[in-house]
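J.: Model the structure of this input:
(chains A, B, C and D)
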Number of protein chains: 2
Amino acid sequence: MTRLRRKPRQQRSIASWHAVLDAAAQLFGELGYARTTTNKVAERAGVSIGTLYQYFPNKDALLLALAERHMAEAGAELERAFALLSQQQPDLEQTLEVLIDAVVALHRHDPAMHRLLVDLAPRTPEAVARLRRLEQAAAEAVEAQLRRLGVGGRSPRSRAMLIVQGIEAQVHGAVLDPPEGVSTEELVAEIKLLWLGALRAETAAGSAGRRAAPPPTSQ
Amino acid sequence: MTRLRRKPRQQRSIASWHAVLDAAAQLFGELGYARTTTNKVAERAGVSIGTLYQYFPNKDALLLALAERHMAEAGAELERAFALLSQQQPDLEQTLEVLIDAVVALHRHDPAMHRLLVDLAPRTPEAVARLRRLEQAAAEAVEAQLRRLGVGGRSPRSRAMLIVQGIEAQVHGAVLDPPEGVSTEELVAEIKLLWLGALRAETAAGSAGRRAAPPPTSQ
DNA sequence: GCACGATCGTGAGTAATGCTCACATTCGGT
DNA sequence: ACCGAATGTGAGCATTACTCACGATCGTGC
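T.: Model (predicted):
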């Protein structure tokens, strides 16, 4: 029947809070979520199990807190990239370069944590909602760039969403699970090429055209 | 300790096996994985808890069996689509149409199960491996189509992988979580347009061009 | 029918784990 | 030095994944 988790007010409690979170991050990474017990977390953190539950109402809350921390960092990194774009107003190719490199950096920054959160975390509705908010924010920023570059097509909103989802999935695979015989760099370069083509095609063919123009060459 | 699960030989045992799996599918869908207990599964299946463990060595095995069943169906559906393509040899636009429609059908066939396995399932290494095998098979088939159409670029293998990962993520989002105010159909149409542009661009520009972009810095 | 080995079903019991609560300890301010 | 608030403790409870010794049922040869 423990209610809300206690809010840290003194220094030592803040130390406990961080110790617990850090221990949780370590153990989740080492053993996975299921095999990590809250008692082990408390033990590694050097606090009693009771202290752990003062600050985190349940085991899932540990994961959620880690997700929060990680996504805040990710959000900040993305914001930096978008700020740069809004400031420099580069062309399509360089915009994609900056954007995709930012996503790559995101995945390289703390791969273990990223994998943990993407593979394990989406089990709680709260974590899913948090992830969706980040995705949504990214999509809005991408949409602004699309409009600026005049490559929004008929529905910049949908298009931005698809770009965010597509790039995230592709970079995730390229960085965390590169297939044998293919380097991450090669894959990243290919991702940039593909999206450049996808978005430039629309411009070349005229942004009004939703119709599939008859292929000018090929075949 | 880890007894191999008993293999069903008589009719009644096969019935038990199915009853357990169906009950598991229902309860996982209703309560999620964590809140579903094996005792509840046995109860709903109308068998004792002991019977459940005759056929499934542990709780994860239930999930894995469901994944196996679902992925087998998905694989069959994809194979049908690829067989059609190899037979009819349509152009790029129609190839994408068939492929993406097949993936959409995959997601619409049993959305609850799909969501369960992709979103909610705590991913066991076995389930991840199984998913990767399916992805790999799809990528190989896509690669063959790319070569046939002459849009493989410099690395048809990487490109095929990126296509599979990208389309899967985009269709997943479009079918299971369409953003407010945007219809699934609209999103699917946009996905086709984007990929048509991405792949056609390479053909038009000449597949040799890997014009490495000038450093992004441009500060 | 009947016996009998193989297959199948049972459910109370066990170990492990998430979480609670009554109490002890320490801190900050006076 | 003192007190109330904040923090820390860990034995113990409730739940749950899983086991095991045994009983029920099936298929088959006679």
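J.: and the residue nearest in space to the middle of chain A, what helix or strand is that in?
T.: Nearest to the geometric centre of chain A sits A:Ala74, at 6.1 Å (CA atoms, centre = their mean). Per DSSP states H and E: A:Ala74 is located in helix A:59-88.
J.: what's the spacing between A:Leu96 and A:Leu176?
T.: Counting by CB to CB, to the nearest Å, the gap from A:Leu96 to A:Leu176 is 21 Å. Glycine gets a C-beta too; all of them are placed from N, C-alpha and C.
J.: oh sorry, the question was meant for A:Leu85
T.: Counting by CB to CB, the gap from A:Leu85 to A:Leu176 is 25 Å.
J.: Have a look at those two and say which one is more surrounded.
T.: A:Leu85 (21 against 16; other CB atoms under 10 Å in any protein chain shown).
J.: Is the more buried one in contact with A:Leu96, as I believe?
T.: No - A:Leu85 is beyond contact range of A:Leu96, at 10.2 Å (criterion: CB atoms under 8 Å).
J.: for the nearest residue to A:Glu77 once chain neighbours are set aside, what are its contacts?
T.: Distances taken as CB to CB, 6 or more residues apart in numbering or on different chains put A:Leu106 closest to A:Glu77, at 5.8 Å, once the chain neighbours are dropped. Contacts for A:Leu106 (CB atoms under 8 Å, 6 or more residues apart in numbering or on different chains) come out as A:Ala74, A:Glu77, A:Leu78, A:His114, A:Val171.
J.: Help me confirm that the third one comes into contact with A:Glu140.
T.: To tie it back to what came earlier, the one meant is A:Leu78. No - proximity of A:Leu78 to A:Glu140 does not meet the contact threshold set by CB under 8 Å, at 11.1 Å.
J.: that older thread, list the contacts of the residue nearest to the centre of chain A.
T.: A:Leu106, A:Leu134.
J.: separation between it and A:Ala102?
T.: Counting by CB to CB, the gap from A:Ala74 to A:Ala102 is 10 Å.
J.: Kindly report the same for A:Gln145.
T.: 12 Å.
J.: Ok, A:Ala137 next?
T.: Taken as CB to CB, the span from A:Ala137 to A:Ala102 is 14 Å.
J.: Mutual contacts of those two, please.
T.: A:Leu78.
J.: Name the residues of the least confident helix or strand in chain A by mean pLDDT that are buried.
T.: None of the helices or strands of chain A scores lower by mean pLDDT, DSSP states H and E than helix A:111-115, at a mean of 86. Across helix A:111-115, burial judged by 16 or more other CB atoms under 10 Å in any protein chain shown covers A:Met113, A:His114, A:Arg115.
J.: how about the nearest residue to the first one, chain neighbours excluded?
T.: Nearest non-adjacent residue to A:Met113, counting by CB to CB, 6+ apart: A:His70, 5.3 Å away.
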